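Asker: My questions are about this predicted structure, shown below with the sequence.
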Amino acid sequence: QQQVKQSPQSLIVQKGGISIINCAYENTAFDYFPWYQQFPGKGPALLIAIRPDVSEKKEGRFTISFNKSAKQFSLHIMDSQPGDSATYFCAASMKAAGNKLTFGGGTRVLVKP
Amino acid sequence: DTAVSQTPKYLVTQMGNDKSIKCEQNLGHDTMYWYKQDSKKFLKIMFSYNNKELIINETVPNRFSPKSPDKAHLNLHINSLELGDSAVYFCASSQWAARLDEQYFGPGTRLTVT
């Protein structure tokens, strides 16, 4: 049972465009929702995170939108740059489960110059 | 000044061998994790230690045995390696006591079993 579903699997966007990645979760006990960015050959790096009591969080060009009733959250990358080309993972965790991260399947983003 | 480091970065070995991967963090965190990333890039938790105590043990074959000698180190020993163990293994750490959920990942160890 995949508790966090991520879409699309891959995304091509032109430089300056907006990249949008969506995630849906099953377990309403999740209380922390991070996004990770992973470049080839590197470990996942924490990009931005949100808690369910907030509907939106913005850090620079990256914004998380959170819809608690729909059990969905999304990552928007504004003014996408070629350097943003990477694999993005959404995840969810809960204190009651030892904070283990349950990851979505990943989205490979390619930003064309 | 690497926050979470792993050794080795690459490990190539034959089926049936026993190998270990080491992880160290210098962030002062009290909780460490092992994640496995398969060939399709899917990331899954394996183990977690808090203050040297095992708190998460997912459905992992008992050929995998983690060991935490102190809060800053978490090692993973794998016995009788199988082809299906080929993957990238990531160590991560966080600060549980401060109720901070951010997990920081190491660079990974790519294990190839032939």
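Answerer: Okay, I see it. Numbers count the residues shown, from 1 in each chain, chains lettered A, B, ... in the order given.
Asker: Give me the neighbour count for the closest residue to chain B within chain A.
Answerer: Nearest residue of chain A to chain B: residue A:43, at 3.7 Å (Cβ to the nearest Cβ). C-beta here means a position set from N, CA and C on the backbone, and glycine is covered the same way. Per other Cβ atoms under 10 Å in any protein chain shown, the neighbour tally for residue A:43 reads 20.
Asker: Now do the contacts for it.
Answerer: By Cβ atoms under 8 Å, 6 or more residues apart in numbering or on different chains, residue A:43 lies in contact with B:4, B:90, B:92, B:105, B:106, B:107, B:108.
Asker: Tell me the predicted confidence for the closest residue to the fourth one other than its chain neighbours.
Answerer: I take that to be residue B:105. Spatial nearest neighbour of residue B:105, excluding adjacent residues (Cβ to Cβ, 6 or more residues apart in numbering or on different chains): residue A:43 at 3.7 Å. Looking at residue A:43, its pLDDT stands at 96.
Asker: sec struct for the residue of chain A closest to chain B, please.
Answerer: Put simply, residue A:43 is coil when judged by DSSP: H, G, I helix; E, B strand; the rest coil.
Asker: Which helix or strand in chain B has the lowest average pLDDT?
Answerer: strand B:53-57 (a mean of 87; mean pLDDT, DSSP states H and E).
Asker: Can you pull out the residues in contact with it?
Answerer: For strand B:53-57, the surrounding residues in contact (Cβ under 8 Å, 6+ apart) are A:97, A:98, A:100, B:31, B:33, B:45, B:47, B:48, B:49, B:66, B:68.
Asker: Show me those that map onto strands.
Answerer: Per DSSP state E, strands hold the following members of the contacts of strand B:53-57: B:31, B:33, B:45, B:47, B:48, B:49, B:66, B:68.
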